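[1] Take a look and give me a structure for this.
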Amino acid sequence: MLNLSWTTFFACVLGSYLLINVVFTGLYLLGGPYALAGLVDGGLLSRFGEIFSYSIQVLTTLGSGALQPATIFTKVVFALEALTGTLGFAVGAALIFARISNPAVKILFSRRAVIAPYDGGTAFMFRIVNGRSNEFINVSATVTLAMTKKDGKRSFHQLTLERNSVLLFPLSWTVVHPITKESPLYGMMAKEFAAAQAEFLVAITATDQDLSKDVYVRHSYLFSEIVVGAKFVNVIERTPDGTVVVDPARIHEIEKAELPQIAAR
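    Below you'll find the predicted structure:
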């Protein structure tokens, strides 16, 4: 509920509100035609509409109008609905407050990671960009490689990054893991990588400069989402007045790249 868009959030709230009223309306109807004093004796549809309006008044604690519970059963339903309304408004208010006070984080990840040429060898890379106007400071990244062994057990390897933190994150950042002899990826064939069901688990930690609050974002790349022999295109551009800009929509763009002969696996 905290991560939904505002439109989806209020749609869920409205849907829950209507559903709860429909449920309690059904319970009142189960009490029979004389369960509520003051109920006009009419058809089922007419009774449903009148009781539904009564349920809204009880749930929102606005008053019950001319209708009153006339049996023990409906008095119990009335008490439960009043309690539900009180708790529901408390939870709803808490969710809205949490959403407003929660930093708006929108760090975009490239759809695919790549195995690209790097410093005479190769490296595993992915790209992130800040999708909002607020700035993050003290941004750090950790990447863990998870693989399944032949005995079915899962092994985890912390990958060494070229740079595991940046002081400011106003534009984009390409996170790089050089595939050296110390890397668990070194010398692995593509088919071995696929057989191990390799998955790269990414965690990004940053501080929202406006709210002075730490934020966390997680992501992962499966083997099927990694392109071997490709590199990311440059997304940093300059406007005629000299302003440096980044187009977030282009962080996913890649192009073919020749890997060194020793690493062409």
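[2] so what are the domain limits for this protein?
    6-101, 107-263 (automatic domain parsing).
[3] got TSV for the ones you listed, with mean neighbour count and mean pLDDT too?
    Yep, even glycine has a C-beta here, placed from its N, CA and C like the rest. Converted to TSV, the domains of the chain look like this (neighbours: other C-beta atoms under 10 Å; pLDDT from 0 to 100):
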stretch	mean neighbour count	mean pLDDT
domain 6-101	15	87
domain 107-263	15	85
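[4] so how far is Leu222 from Glu199?
    Applying C-beta to C-beta, to the nearest Å, the value for Glu199 to Leu222 is 5 Å.
[5] meant to ask about Arg99
    Distance from Arg99 to Leu222, counting by C-beta to C-beta: 31 Å.
[6] same check, this time on Arg112
    For Arg112, the distance to Leu222 - C-beta to C-beta - is 10 Å.
[7] likewise Tyr28?
    Tyr28 sits 51 Å away from Leu222, going by C-beta to C-beta.
[8] now Leu211
    For Leu211 relative to Leu222 (C-beta to C-beta), the value is 33 Å.
[9] again with Glu253
    Per C-beta to C-beta, Glu253 is found 20 Å from Leu222.
[10] repeat for Gly38
    62 Å.
[11] got it, and Gly121?
    Here Gly121 is placed at a distance of 24 Å from Leu222 (C-beta to C-beta).
[12] Also Leu167?
    To Leu222, Leu167 is 31 Å away according to C-beta to C-beta.
[13] where do the helices sit along the chain?
    In chain order, the chain shows helices spanning 6-30, 44-59, 72-101, 190-195, with DSSP state H as the criterion.
[14] Turn those helices into a markdown table, columns for distance to Thr174.
    Formatted as a markdown table, these follow (distance: least, C-beta to C-beta, whole Å):
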| stretch | distance to Thr174 |
| --- | --- |
| helix 6-30 | 32 |
| helix 44-59 | 52 |
| helix 72-101 | 31 |
| helix 190-195 | 21 |
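[15] The stretch 151-265 of the chain: strands as residue ranges?
    Remark: strands assigned in the stretch 151-265 of the chain by DSSP state E, counting those that start in this stretch are 154-158, 165-168, 172-178, 199-208, 213-222, 226-228, 230-232, 236-238, 244-246, 254-256.
[16] For Phe9, find the nearest of those strands.
    With respect to Phe9, and counting by C-beta to C-beta, the nearest of the strands of the stretch 151-265 of the chain is strand 213-222 at 18.9 Å.
[17] which residues are in contact with stretch 31-41?
    Stretch 31-41 is touched from outside by 28-29, 46-47, 50-51, 54, 66-71, 73-74, 77, with contacts defined as C-beta atoms under 8 Å, 6 or more residues apart in numbering.
[18] And that stretch, how far out from the chain middle?
    47 Å (C-alpha atoms, centre = their mean, to the nearest Å).
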